[in-house]
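K.L.:
Fold the following and give me the result.
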Amino acid sequence: MQVSGDTHQNRFGLTGRLALVTGASRGLGWEIAKAMAEAGANVLLNGRDESHLAEQCAKLTGNGLSAEPACFDITDEVAVADWLDGLEKTPDILVNNAGQRNRGALADNSPDDFSRLLDVNLKAAYALARALAPGMVKAGGGAIINITSIAGPMAGERDAAYTATKGGLEALTRSLAVELGPHGIRSNAIAPGFFATEANADMVDDPEVSEFVEVRVPMARWGEPHEIAGAAVFLASEAASYINGQVLAIDGGHSVKM
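P.N.:
Predicted structure coming up:
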């Protein structure tokens, strides 16, 4: 997939691209969606709260950017199929960002709890990639970006279920890269570290956790949500045209410190 007026500067842009970002109404997903819109993409913001999605889209369109709501539950196969049937064009960028976390020891999380986490964090990403891949192939290529976590390769206490799902998503990224790469579809992942999102508000306010971040993260601070956006735009762009099957950790150096 070549960019019109193929200068290096243009290769970092997303003009003419259609991006679906799941879990895009807030947090990291919102920052990724906003950045992709600013880079020129028409962005489909996914979530389940229709009114909130409309408000977020209005923030972008009010600034002359292109954004539309994509209101459906990513774990509902019928809802996903119905939404896809209504599209005129298949997105050529898929960001599997939506996820849940259920901290707790083995004894506190039943197999059903684990299954629900798998449905959101892993199965939905698989299903969406499977659903969009044929359209991407027909269009000549695309980009899939899975938002994993440094909890994929690194394990903490009382977090087995989440760690397993994120490790699985990382493995899925590699498999998609191998299977879809010959068709011009690049699959990569971003592994966030400690980010000060709404979902992590309790942790951010916990003095013990903040002390851990200051000691263990070389940059000695939490990441701000907007700091993930540039990496997502880059991996979706033609500037990353030969990057496939990689996991980019955005964690202030946490994963490399002994």
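
K.L.:
Tell me where the stretch 51-200 of the chain has strands.
P.N.:
Along the stretch 51-200 of the chain, counting by DSSP state E, counting those that start in this stretch, strands occupy 66-71, 93-96, 142-147, 185-192.

K.L.:
can you tell which of these is closest to Thr22?
P.N.:
strand 93-96 (5.8 Å; C-beta to C-beta). Yep, even glycine has a C-beta here, placed from its N, CA and C like the rest.

K.L.:
List the contacts of that closest one.
P.N.:
Strand 93-96 is contacted by residues 14, 17-22, 24, 29, 32-33, 36, 41, 124-125, 128-129, 132, 142-147, 169, 232, 236 when judged by C-beta atoms under 8 Å, 6 or more residues apart in numbering.

K.L.:
now do stretch 71-84
P.N.:
Taking C-beta under 8 Å, 6+ apart as the rule, stretch 71-84 contacts 22-23, 46-50, 53, 70, 90, 98, 119-120, 123-124, 127-128, 131-132.

K.L.:
Out of those, which sit inside helices?
P.N.:
50, 53, 124, 127-128, 131-132 (DSSP state H).

K.L.:
And those, which is closest to Glu157?
P.N.:
Using C-beta to C-beta, Ala124 is the member of the ones in helices among the contacts of stretch 71-84 that sits closest to Glu157, with 26.7 Å.

K.L.:
Quick check: end-to-end length of stretch 180-190?
P.N.:
With C-alpha to C-alpha, to the nearest Å as the measure, the ends of stretch 180-190 fall 18 Å from one another.

K.L.:
average model confidence for it?
P.N.:
The pLDDT scores in stretch 180-190 average 98.

K.L.:
wouldn't Asn172 be in contact with Tyr126 here?
P.N.:
Wrong residue type there; residue 172 is Leu, not Asn. Yes. Using C-beta atoms under 8 Å, Leu172 is in contact with Tyr126, at 6.1 Å.

K.L.:
more neighbours, these two?
P.N.:
Taking other C-beta atoms under 10 Å, Leu172 and Tyr126 do not tie; Leu172 has more neighbours (21 against 16).

K.L.:
so how far is Val78 from that one?
P.N.:
For Leu172, the distance to Val78 equals 22 Å [C-beta to C-beta, to the nearest Å].

K.L.:
Could you list the alpha-carbon positions for stretch 82-92 in CSV?
P.N.:
The C-alpha trace of stretch 82-92 is given here as CSV (Å, rounded to 0.1, in the frame of the first residue of the first chain):
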residue,chain,number,x,y,z
ASP,A,82,-24.7,-6.7,11.9
TRP,A,83,-22.3,-3.7,12.2
LEU,A,84,-20.0,-5.0,9.6
ASP,A,85,-22.9,-5.6,7.2
GLY,A,86,-23.7,-1.9,7.4
LEU,A,87,-20.2,-0.8,6.3
GLU,A,88,-19.5,0.5,2.8
LYS,A,89,-15.8,-0.1,3.2
THR,A,90,-13.8,-2.4,5.4
PRO,A,91,-11.5,-0.6,7.8
ASP,A,92,-7.8,-1.0,6.8
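
K.L.:
Most tightly packed of the strands of the stretch 51-200 of the chain?
P.N.:
Mean neighbour count (mean count of other C-beta atoms under 10 Å) peaks for strand 93-96 among the strands of the stretch 51-200 of the chain, with a mean of 29.

K.L.:
I appreciate the help and will end here.
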